[in-house]
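**Q** sequence and predicted model, in that order:
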Amino acid sequence: GQQLNQSPQSMFIQEGEDVSMNCTSSSIFNTWLWYKQDPGEGPVLLIALYKAGELTSNGRLTAQFGITRKDSFLNISASIPSDVGIYFCAGRSGNTPLVFGKGTRLSVIA
Amino acid sequence: GAVVSQHPSRVICKSGTSVKIECRSLDFQATTMFWYRQFPKQSLMLMATSNEGSKATYEQGVEKDKFLINHASLTLSTLTVTSAHPEDSSFYICSARVIPMNTEAFFGQGTRLTVV
């Protein structure tokens, strides 16, 4: 099925550094979602975006819905060890099922 | 956020047997539930969409007779893997969404199925 282009695929960063990841799509979406998945668990919703240009924060996390409605980014500030995991972007147009990116695997070095 | 409970979290079964996985929305009514399959180090692959009281819509390449989905109530959907084979071993995850409200999709904890 259709997938989003999510980058980077993996990141190794030092504790305290900021992180940025993004997703792009060839289709226009009206919803962008960012999830985090820990090993052996289901994805947990981090941030939901519904309007083009919307910038939303959740603690140290900030995500934006791109103006073109074809992209979104997620930033994590001052990373900590528990930020380790796989981050997925997901987009939706109308009531269609979510389309997922391939994930960004984040490793934090203390 | 809303809570979606999936059970069991892990199951081991013998080849040829059937396994049922339950997905429940605990504090909201889910008109639509989705079933995903995830292989190691890969993204989620949508298997089917189920709407309460109607037949599930399967994605291309997913065998409907192999993966039976029932969505009998607004809070429960089940996925039954019939005549399981080792290649069916995977991580299965459900999610639930309320339509037409623009609510997020909430995921269950996932079920690790191992067929021996």
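**A** Perfect, I can see it now.
**Q** now do the same contact list for the closest residue to chain B within chain A.
**A** Chain A approaches chain B most closely through A:Gly42 (3.9 Å), counting by CB to the nearest CB. The way it works is simple: take the backbone N, C-alpha and C, and place the C-beta from them, glycine included. Residues in contact with A:Gly42 (CB atoms under 8 Å, 6 or more residues apart in numbering or on different chains) are B:Val4, B:Gln6, B:Ile93, B:Ser95, B:Phe107, B:Gly108, B:Gln109, B:Gly110.
**Q** any of those residues buried? List them.
**A** B:Val4, B:Gln6, B:Ile93, B:Ser95, B:Phe107, B:Gly108, B:Gln109, B:Gly110 (16 or more other CB atoms under 10 Å in any protein chain shown).
**Q** contacts with chain A among those residues, please.
**A** Residues of these in contact with chain A (CB under 8 Å from any CB of the partner chain): B:Val4, B:Gln6, B:Ile93, B:Ser95, B:Phe107, B:Gly108, B:Gln109, B:Gly110.
**Q** distance check, the fourth one against A:Lys51.
**A** Distance check for B:Ser95 against A:Lys51: by CB to CB, to the nearest Å, it reads 23 Å.
**Q** likewise the third one?
**A** Separation of B:Ile93 from A:Lys51 (CB to CB): 28 Å.
**Q** ok, B:Leu68 - how many residues close by?
**A** Close neighbours of B:Leu68, defined as other CB atoms under 10 Å in any protein chain shown, add up to 16.
**Q** next: A:Thr31.
**A** Under the criterion other CB under 10 Å, the count of neighbours that A:Thr31 has is 22.
**Q** so who does A:Asn30 touch?
**A** Contacts of A:Asn30 (CB under 8 Å, 6+ apart): A:Tyr50, A:Arg69, A:Arg92, A:Ser93, A:Gly94.
**Q** need the pLDDT of the first one.
**A** It refers to A:Tyr50. Looking at A:Tyr50, its pLDDT reads 92.
**Q** quick check: the gap between A:Leu4 and B:Lys41.
**A** 17 Å.
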